[in-house]
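[1] Generate coordinates for the sequence data below:
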Amino acid sequence: MSVKPTERAGGLLRVWRHILAAFEIVRHYPIIIPLALITLIDEINYSGLNNVALPAYIGTLGLPLKVSGGVLASYLGTDGGLVAIIASTFLFSETLFRLPTGWLSDRLGRINLIIGAMFLSAPSFFLSWWVPNYLWLIPLRLWDGMMAAALWTSVYAVIGDAVPERFRANAMGFINMMYMLGLLSGYAIAGGIDKMTGQPRMFLLVSAGLVAVAAVAAWLFFRRRPEYNTPHPDVHLEEAEKAAISVSRHSVLLLITFSQNFALTMIAPFMYRYARDSVAKGGLGLTSAQLLLLVGVPVLGVAIFAVPLSRVADRVGKLTAVRVGFTAVAATLWIFSFTRELWVLSLVATVVGVAFSMGVPAWLAILSSLTSSKTRGATLGGYGAVQGIAAVLGPLVSGPFIWGHYGHASIFLASALVLAFAALLAWFALPEPQKTLAA
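    Below you'll find the predicted structure:
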């Protein structure tokens with residue numbers, strides 16, 4: 001039986017209405033808008049700096065240290081090693097300060113910490129523009145990591161304070177959308193500046209000015225709206241009905257957090273190499289256009305559909321969304337490990353993007369609901385520290401021990417196995433959260 005054009009149009013109209021309905025959360029909880037803009041601007045800066053500007057800039061700063069022999073020489077004697085050291089410095093600092101800055105946000109106010117981190121980031125970006133030697137970038141990146149820890153932990157904690165649990169995945173999805181757009185925009189802006197001027201460090205001036213203006217605008221806005229720095233009344237009611245989280249459940253959540261971040265960071269640093277290396281070397285041998293199809297299109301799709309899919313997570317249940325999302329990603333990474341057909345790889349990458357668009361906001365919403373507003377910052381900071389440790393260890397394990405010994409595609413199989421372990425924990429060791437009335 002054929003479908004009439006009017007019925008088809010009606011179905012498309014209903015889908016479109018559901019998509020638009022996902023964006024209505026900003027009307028009910030308008031604090032999401034300034035937080036989303038802050039997320040966009042700061043991720044433009046961090047993405048452009050970490051992925052384009054600093055890696056290109058480091059090679060122009062002085063000469064590598066003359067160190068003879070050993071592992072130290074292999075790092076300090078090459079631009080690639082210097083990039084790795086400075087990038088790791090940022091990640092180490094962000095990991096180290098997640099818990100302390102989360103604790104501070106519980107006491108000093110999350111908005112205050114967000115604005116302060118933005119104000120204090122601008123001088124660091126500016127100083128990085130004129131440093132005489134790459135060694136000066138190490139303390140500056142330590143500082144940047146501390147500011148990033150303060151900012152991101154506080155942003156997610158504000159969402160936990162301001163949006164009731166039943167809508168929180170949708171709100172996290174909105175933040176996730178802006179994060180992904182910032183990731184793409186930062187890469188494009190920094191790359192465009194480098195291509196037009198031949199001076200990658202010019203992006204440092206742009207980022208310093210951008211974050212300074214954003215900090216002033218945020219300060220003026222929240223000064224006029226101080227009520228945004230206090231928890232929503234509905235959140236208080238939900239917390240009063242919530243049972244305490246047991247140590248065993250925290251342990252499972254921490255293990256899942258570590259496993260899923262470890263699995264992803266095992267492959268993230270090697271995706272470009274795998275795609276561009278020749279088939280003879282074990283790679284895919286893709287052109288720039290094919291690489292854009294493989295990575296750019298799915299990432300843009302994630303950014304576009306992050307909000308509607310996060311609303312689905314609120315509808316079907318956050319834990320269900322996490323279980324399905326992690327399972328789908330584990331299965332598709334397994335496919336990624338043995339196929340070389342571009343259309344299959346693009347389809348697989350799209351499935352990964354869709355699964356994460358639903359699973360990641362749901363997971364953030366679950367973590368933000370573990371404790372009350374009084375300790376939410378410290379709790380998210382602790383889980384963020386575990387994520388950071390996994391992010392540091394993932395490449396260290398997959399690079400020398402898997403990529404180097406078993407070939408390019410092997411890291412995807414290893415990542416799939418680790419993520420499958422996280423999915424199994426979510427399915428069988430993590431019960432549905434139970435609510436009990438407070439005494």
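[2] tell me the contacts of Met358?
    309-310, 312-313, 321, 324-325 (CB atoms under 8 Å, 6 or more residues apart in numbering). C-beta here means a position set from N, CA and C on the backbone, and glycine is covered the same way.
[3] who wins for most neighbours among those?
    Counting neighbours by other CB atoms under 10 Å, the top entry in the contacts of Met358 is Ser310, with 32 neighbours.
[4] Could you measure from that one over to Val418?
    24 Å (CB to CB, to the nearest Å).
[5] Quick check, Ala171 in contact with Tyr29.
    Yes: between Ala171 and Tyr29 a contact is recorded at 6.4 Å, counting by CB atoms under 8 Å.
[6] who has more neighbours, these two?
    Using other CB under 10 Å as the criterion, Ala171 and Tyr29 rank with Ala171 on top: 32 against 22.
[7] Next up, identify which helix or strand that one is on.
    Here Ala171 sits within helix 168-197, counting by DSSP states H and E.
[8] try Tyr274
    Using DSSP H and E, Tyr274 sits within helix 271-276.
[9] And the next helix or strand past that helix?
    Heading C-terminal from helix 271-276 (DSSP H and E), you reach helix 288-291.
[10] same for that next one, what does it pack against?
    Applying 3 or more CB pairs under 8 Å, 6 or more residues apart in numbering; DSSP states H and E, one finds that helix 288-291 contacts helix 271-276.
[11] Return the distance of the helix it packs on from the chain's centre.
    20 Å (CA atoms, centre = their mean, to the nearest Å).
[12] Could I have the CA atoms of it written out in PDB?
    As requested, the backbone C-alpha atoms of helix 271-276 are provided in PDB (Å, rounded to 0.1, in the frame of the first residue of the first chain):
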ATOM      1  CA  MET A 271      42.800   8.600  13.700                       C
ATOM      2  CA  TYR A 272      44.500  11.100  11.400                       C
ATOM      3  CA  ARG A 273      47.600   8.800  10.900                       C
ATOM      4  CA  TYR A 274      45.400   5.800  10.300                       C
ATOM      5  CA  ALA A 275      43.400   7.700   7.700                       C
ATOM      6  CA  ARG A 276      46.300   9.300   5.900                       C
END
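[13] now the helices for the stretch 301-439 of the chain?
    318-336, 342-368, 376-397, 404-406, 410-428 (DSSP state H, counting those that start in this stretch).
[14] Reformat those helices as TSV; add mean pLDDT and distance to Met196.
    Formatted as TSV, the helices of the stretch 301-439 of the chain follow (pLDDT from 0 to 100; distance: least, CB to CB, whole Å):
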stretch	mean pLDDT	distance to Met196
helix 318-336	91	35
helix 342-368	84	30
helix 376-397	91	32
helix 404-406	76	37
helix 410-428	93	35
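[15] Nearest approach to Gln290 belongs to which of these?
    helix 342-368 (6.0 Å; CB to CB).
[16] Please identify the buried residues of that closest one?
    345-346, 348-368 (16 or more other CB atoms under 10 Å).
[17] One more: stretch 102-109?
    Those would be 102-106, 109, for stretch 102-109 by 16+ other CB under 10 Å.
[18] Out of these, list just those in helices.
    102-106 (DSSP state H).
[19] what's the most distant pair in the contacts of Met358?
    Spanning the widest gap among those are Ser310 and Val324, at 13.4 Å by CB to CB.
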